[in-house]
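**Student:** Compute the structure for the input listed below.
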Amino acid sequence: MALTFACSLALVLPLFMWQMLYPQSDWAALALLPLMLMIFMGSLKAALTRRQAELSAILLPVSGLNRWLRGRIMACLSATLVTVITVVLLASKTLTADWAEGLTLTALCISTFWVFDGLRSKLVGHVQPQFMPALATSLSALVTGTLFFPVYTWVSWTLIPVPGHLRGSGFNDAMMQGLTTLPDRSGWVTELLSLIVTLDNAKLWLFLNLGNNPLLLLVYVIYAATICFVLARGVAAIAALYRVYTPT
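**Tutor:** Now for the predicted structure:
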């Protein structure tokens, strides 16, 4: 329970500051730096510990390859990818999600912390300590993502209202009008968020106009699943980092 509370607080506070400050300036992105650092370090620690354990099982201690094959490059690349995608998704949803979507994604994140802690305690005594962070992170993301994926799909299909500008407008006009929800200023932060907002609006516009196409239904389901599993995997890294410093 302490892990769930501490990690939830560490997640919510930066996002709250971001939501409050972004309408005034793109410098609000600085509020997300602690969140980025926690997700990156948690992902890096888990990936690096597992990779080094794998190499130690393959290479002899006297091998000169130990100086070169430490797994740091791939661990850093994977941690960076997880961090960027997760933080961008969290930042955009914090600004654009309505109450139903926001409540569902918040429950997903908090549940991931709780599932991580529960799985980790169950794995003690069965799994080598070097593999524990990576395995608990992956399993908790898989469990939570699987549980919340149908819930999020249903919520986004039935409860999230369709913006009025998507009805009766051409595709280009609808996309341009959708960007008016963001502050009217240039900057890399706004450009990045514009991409996420455009993807959301494009998904809704296609279903309003071509909703009978089975392929579009599949795309909608994959999109919802991607959001759930990506967020669960990203925030699980925060729990992994918490356990690095509070292992008991």
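**Student:** residues of the lengthiest helix in the chain that come out buried?
**Tutor:** Longest helix of the chain, by residue count under DSSP state H: helix 214-245. For helix 214-245, the neighbour count (16 or more other CB atoms under 10 Å) marks 220, 224-225, 227-243 as buried. C-beta here means a position set from N, CA and C on the backbone, and glycine is covered the same way.
**Student:** Sketch out the low-pLDDT regions of the chain for me.
**Tutor:** Filtered on pLDDT under 70, the chain yields the residue ranges 52-71, 160-169, 178, 181, 184-185, 210-212, 247-248.
**Student:** Centre of the chain to stretch 194-207, how far?
**Tutor:** Centroid displacement of stretch 194-207 relative to its chain, using CA atoms, centre = their mean, to the nearest Å, is 18 Å.
**Student:** before we move on, what about stretch 86-93?
**Tutor:** 7 Å.
**Student:** Alpha carbons of it, as CSV, please.
**Tutor:** Provided in CSV are the C-alpha atoms of stretch 86-93 (Å, rounded to 0.1, in the frame of the first residue of the first chain):
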residue,chain,number,x,y,z
THR,A,86,4.8,7.3,-21.9
VAL,A,87,5.4,11.0,-20.9
VAL,A,88,4.1,12.3,-24.2
LEU,A,89,1.0,10.2,-23.8
LEU,A,90,0.4,11.1,-20.2
ALA,A,91,1.0,14.8,-20.9
SER,A,92,-1.5,14.9,-23.8
LYS,A,93,-4.2,12.9,-22.0
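**Student:** Show me the helices in this protein, by range?
**Tutor:** Assigned by DSSP H, the chain shows helices spanning 2-21, 33-58, 72-96, 99-123, 132-158, 171-178, 188-210, 214-245.
**Student:** Please tabulate those in JSON lines, including the columns distance to residue 27.
**Tutor:** Converted to JSON lines, those look like this (distance: least, CB to CB, whole Å):
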{"stretch": "helix 2-21", "distance to residue 27": "7"}
{"stretch": "helix 33-58", "distance to residue 27": "11"}
{"stretch": "helix 72-96", "distance to residue 27": "14"}
{"stretch": "helix 99-123", "distance to residue 27": "24"}
{"stretch": "helix 132-158", "distance to residue 27": "31"}
{"stretch": "helix 171-178", "distance to residue 27": "24"}
{"stretch": "helix 188-210", "distance to residue 27": "9"}
{"stretch": "helix 214-245", "distance to residue 27": "23"}
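**Student:** circling back to that earlier point, quick one: list the elements packing against the longest helix of the chain.
**Tutor:** helix 2-21, helix 33-58, helix 72-96, helix 99-123, helix 132-158, helix 188-210 (3 or more CB pairs under 8 Å, 6 or more residues apart in numbering; DSSP states H and E).
**Student:** Report the angle between it and helix 188-210.
**Tutor:** For helix 214-245 against helix 188-210, the angle by axes from the mean of the first three to the mean of the last three CA atoms, to 10 degrees is 140 degrees.
**Student:** tell me the angle helix 214-245 makes with helix 72-96.
**Tutor:** Using the same axes, to 10 degrees: helix 214-245 against helix 72-96 is 110 degrees.
**Student:** what angle do helix 214-245 and helix 2-21 make?
**Tutor:** 120 degrees.
**Student:** now helix 214-245, how far from the chain's geometric center?
**Tutor:** 5 Å.
**Student:** and what of stretch 134-146?
**Tutor:** 12 Å.
**Student:** contacting residues around that stretch?
**Tutor:** 42-43, 46-47, 49-50, 108, 111-112, 115-116, 119-120, 123, 127, 225, 228-229, 231-233, 236-237, 239-240, 243 (CB atoms under 8 Å, 6 or more residues apart in numbering).
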